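Peer 1: Fold the following, please.
(chains A and B)
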Amino acid sequence: MSDTTAMSERRETPLGYFKRTWRQNIIYIGFAVVFLFFALTLHDKGFLTPNNILNIARQTAMIAVMAVAMTLVLSSGEIDLSVGAVAGLASVTTAMAVAWGGLPAGIAAGIMTGVTVGLINGFLSTRLMIPTFLTTLAMMGIAKGTAMWVSGTAAIPVLDRTYPAIFGGGNIGAIPTLLLWMLVIGVIGHIVLRRTKFGRQVLAVGGNVVAARYSGINTGRIKLWVIVISAVTASLAGMLYAGRLQTGRFQLGEGDELSVIAAVVLGGTSLFGGKGTVVGSIIGALMIGVINNGLILMGLEYSQQLIARGGIIILAVALSQAGTRPA
Amino acid sequence: MGAHHVSDLTVKPIAVEMTNISKRFGGVHALRDVSVTVRSGEIHALLGENGAGKSTILKILRGVQAPDGGSIAIGDEAFERLTPQLARQKGIGMIFQEMSLVPTLTVAQNVFLASEPLTGAGLIDDNAMQRRSAGIFASMGVSINPAAIVSDLSTGQQQLTEIAKALSQNAAVLVLDEPTSALTAGEVDILFDLLRRLRAEGKAIVYVSHRMDEIFRIADHATVLRDGRLIDSRPITDYTLTTLIADIMGKETRDLSEFTTASTAQDEVILRVENLSSKLRHGGNVSFSLRRGEVLGIAGLLGAGRSRLARMLFGLEPIAGGTITLRGHTTAIGSPQQATELGLALVPEDRRRQGLVLAHSIQRNIELPILKRLGSTPFVDQPKSRAATDELIKRLAIKVASREAPANSLSGGNQQKIVIGKWLATDPDILILDEPTAGIDIGSKGEVLRLVRELAAQGKSIIFISSELVELMAVSDRIAVMSGGRLVETIDKSDLLNSTGEATDLRAEQKLQLIVQQGGKHV
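Peer 2: Numbering: from 1, shown residues only, chains lettered A, B, ... in the order given. The predicted model follows:
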């Protein structure tokens, strides 16, 4: 105990600071390296064209939006495996509600889907003390099944003109609305985690739930909020899918939970709670998008893409998470 | 009688002989030239206050630490140092204070963990395991089902399973460290019957406990350590409770008188607790009152219910009955949030688990209880938070490079100051400190004690729980003694300092120790 004190209470050299923190910032280095690599090797295949860059942003936006909320979830020491299925369900409920009552009904239906799922997940986990790993794993199936059932497994077209313009289809000037959604959610998430009392409580609960309780924090309520926020954000992602494709379908968002969790962990958020960065998560999502895009442009077959993407993610996560496991 | 006892011992063979053992940690002598002889067929009590060197000598015996000097003889083999494997092989069996059983496995699986009997095909022979476990329990004279899952057992049964595990490895020397702190009276009787039976079989038993009544019930021989030195080693019949306490605590007073100030207690009773009992423990009953500016010390043995009382007052543990009256109003305290709003603060027993988010910075830790007061918006008022942190770092002389340093980079003393600091930031009326000086350096201890008196002088009321009686005597105005979940007696410090009676030759903290040991019966 006392010898570690002597070490840490000495002033740190810049080299020491770099050695201690470079892993936390590996995502930025990694993103730059991957981006430069593709920029150089795929220069003649149009990787750097504005069109391609904006395309990457569009394809990544939904993952990035969900990754913002997942950052809060992992920071609080929980996990949400239902985000992809909830996005699919919300795309269906929104599309059906738009067809029935127009734009306001669609928005309300999408949000209410998230609130309902979040409250169910949250109560099961904070009142009945079922781990979120299990409640959200079960909810993954329930949400997908519900989406298939209410839609009769059919694609529900979105015929409203305004809806796609707001949610994911259109552009404002040269900027895709999807990119704006990503930025807005990202900025809000960053401020919530970094600057608000709620964010501090989320990190404290994830860092040491006993100490948080002893400090007068209502740990159950904080977890409930985080889980609800995650489900609502997943629903927003589903609404964006519905806008972009002008369709609600149960397959939308399928498997996204893995990309989302990979993006968040790549970004430097701890899987064990107590430490999180929204900016890192968005960069993590963009990095996954860049890798997907680059591998396609390289002309890799889908099977090769899967293997290469998996390898890159494992490498990056290994680097960013090394030394962050709890003692 | 004494002579008879000595001749009796000489015929008993020596099981372990530790000779002139020394151990230093940095500049601190944990042990200096300590020699202990443990004989087969003997229950040997190892006694001393916290920090006297008991756990160091046990670690050396277990092979976890190597001595800097001296030798260890087991049977007729001599060693300079042991390893854990060697110690086990030579028959040293350790019964851990914190249970080392796997709660999800059966009793038999735990008894034979990592040394499972195998069938001819090389698979684990569950039947043999259960049969042999049952045999061991039968020889111990206790009835525990070898097929039961450990987490379904009572604490006492788990303890017996630990002993069975040691016996299955043919331990000749059993070391028990505070084995009764979590046991009921009935379970203690069963354990003691077993220990007597094992003694009759010729096992050597090393018994560590702070409970003197147990020592006199069960031990044959007592070895007393103090400040890393051997004070005395003699048959228990040579001791009385009074002389044993005198040996353990020493003749010269550790001088903490600088922290003793005149009482600053005011007339106003800020907290009155009547017949308080816990839902989680039957038979508890606590009544006391606390005045503004008063320091109420709480003494008691491990398991006396002191921390439980602190948790009940802070809304962390459900209350079965009784009333809490705060500033004249009867109050129900249902949660720590509510307790904090009512002006209570708790510096918990386990600072690393309950007190701090270790990976987070000092500022983040100090912010937690005062988040609501850091501005009226949802946002954290950063300048205010930084100012509050810097002020506390300065006020408590916390030695840190910056407020951004993570809590786990600090020494125990500085960590404890952060926990105290985060609660001082809430400006509480009543501060409950649960073992605030445990495991921190002497300098920080002094600072904590001084701070307690300062806070009392400012009109704060303090409940000070400690196992260090010298400290309690120095810092408290009154001392409440707890035993078995009940508050059995409240004593004015002045009564201990100048009482008359049979034990007048004892120092005040020794008298207090007598009362604690006797569960409140007055000396």
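
Peer 1: from here on, contacts and neighbour counts on C-alpha atoms
Peer 2: Fine.

Peer 1: Surely residue B:101 touches residue B:110?
Peer 2: Yes - using C-alpha atoms under 8 Å, residue B:101 makes contact with residue B:110 at a distance of 6.3 Å.

Peer 1: Looking at those two, which one has more neighbours?
Peer 2: Using other C-alpha atoms under 10 Å in any protein chain shown as the criterion, residue B:101 and residue B:110 rank with residue B:110 on top: 25 against 21.

Peer 1: could you say what helices and strands the host helix or strand of that one packs with?
Peer 2: Using DSSP states H and E, the element containing residue B:110 is helix B:107-111. Based on contacts counted as 3 or more C-alpha pairs under 8 Å, 6 or more residues apart in numbering or on different chains; DSSP states H and E, the elements that helix B:107-111 packs against are helix B:126-140, helix B:155-168.

Peer 1: List of residues touching that helix?
Peer 2: Residues outside helix B:107-111 that contact it (C-alpha atoms under 8 Å, 6 or more residues apart in numbering or on different chains) are B:101-102, B:116, B:129-130, B:133, B:145-150, B:161-162, B:164-166, B:168.

Peer 1: could you flag which of the residues you listed are buried?
Peer 2: Among the contacts of helix B:107-111, those buried by neighbour count (16 or more other C-alpha atoms under 10 Å in any protein chain shown) are B:101, B:116, B:129-130, B:133, B:145-147, B:149-150, B:161-162, B:164-166, B:168.

Peer 1: Which pLDDT value belongs to residue 222?
Peer 2: Chain wasn't specified; assuming chain A. As predicted, residue A:222 sits at a pLDDT of 97.

Peer 1: my question was about chain B
Peer 2: Looking at residue B:222, its pLDDT is 95.

Peer 1: Hmm, it is touching residue B:46, no?
Peer 2: Yes - using C-alpha under 8 Å, residue B:222 is in contact with residue B:46, at 6.1 Å.

Peer 1: Just the helices from chain A, written as ranges.
Peer 2: Using DSSP state H, the helices of chain A run over A:2-8, A:14-21, A:26-41, A:50-75, A:83-126, A:132-151, A:162-166, A:177-195, A:197-207, A:209-214, A:219-245, A:256-266, A:278-297, A:302-321.

Peer 1: Figure out which of those helices is closest to chain B.
Peer 2: Nearest to chain B, of all those, is helix A:209-214, at 4.2 Å by C-alpha to the nearest C-alpha.

Peer 1: Please work out which residues outside that closest one touch it.
Peer 2: By C-alpha under 8 Å, 6+ apart, the surrounding residues in contact with helix A:209-214 are A:201, A:204-205, A:219, B:316, B:336, B:346, B:348, B:353-357, B:368.

Peer 1: Which residue is the nearest non-sequential neighbour of the residue most central in space within chain A?
Peer 2: Centroid-nearest residue in chain A: residue A:67, 1.2 Å away (criterion: C-alpha atoms, centre = their mean). Spatially, and ignoring its direct neighbours in sequence, residue A:67 is nearest to residue A:260 (5.1 Å; C-alpha to C-alpha, 6 or more residues apart in numbering or on different chains).

Peer 1: For that neighbour, give its distance to residue A:303.
Peer 2: Plainly put, residue A:260 is 21 Å away from residue A:303 if you go by C-alpha to C-alpha, to the nearest Å.

Peer 1: Test my guess that residue B:487 contacts residue B:481.
Peer 2: Yes - the pair residue B:487 and residue B:481 passes the contact test of C-alpha under 8 Å, sitting 5.9 Å apart.

Peer 1: any low-confidence regions in the chain?
Peer 2: I'll assume chain A. By pLDDT under 70, the weakly predicted segments of chain A are A:1-12, A:19-24, A:320-327.

Peer 1: um, chain B though
Peer 2: For chain B, the stretches with pLDDT under 70 are B:1-11, B:97-99, B:251-260, B:499-505, B:520-523.

Peer 1: Mind splitting it into its structural domains?
Peer 2: B:2-249, B:257-343+B:428-517, B:359-427 (automatic domain parsing).

Peer 1: Residue of the stretch 101-250 of chain B nearest chain A, please.
Peer 2: Nearest to chain A, among the residues of the stretch 101-250 of chain B, is residue B:104, at 18.6 Å (C-alpha to the nearest C-alpha).

Peer 1: Let's verify that residue: helix, strand, or coil?
Peer 2: Three-state call for residue B:104 (DSSP: H, G, I helix; E, B strand; the rest coil): coil.

Peer 1: ok, it - how many residues close by?
Peer 2: Residues lying near residue B:104 (other C-alpha under 10 Å) number 13.

Peer 1: Same question for residue A:297.
Peer 2: 14.

Peer 1: Please name the residues that touch it.
Peer 2: Per C-alpha under 8 Å, 6+ apart, neighbours of residue A:297: A:42, A:45, A:47.

Peer 1: which of the contacts of helix A:209-214 count as buried?
Peer 2: For the contacts of helix A:209-214, a burial check counting by 16+ other C-alpha under 10 Å picks out A:201, A:204-205, A:219, B:316, B:336, B:346, B:348, B:353-357, B:368.
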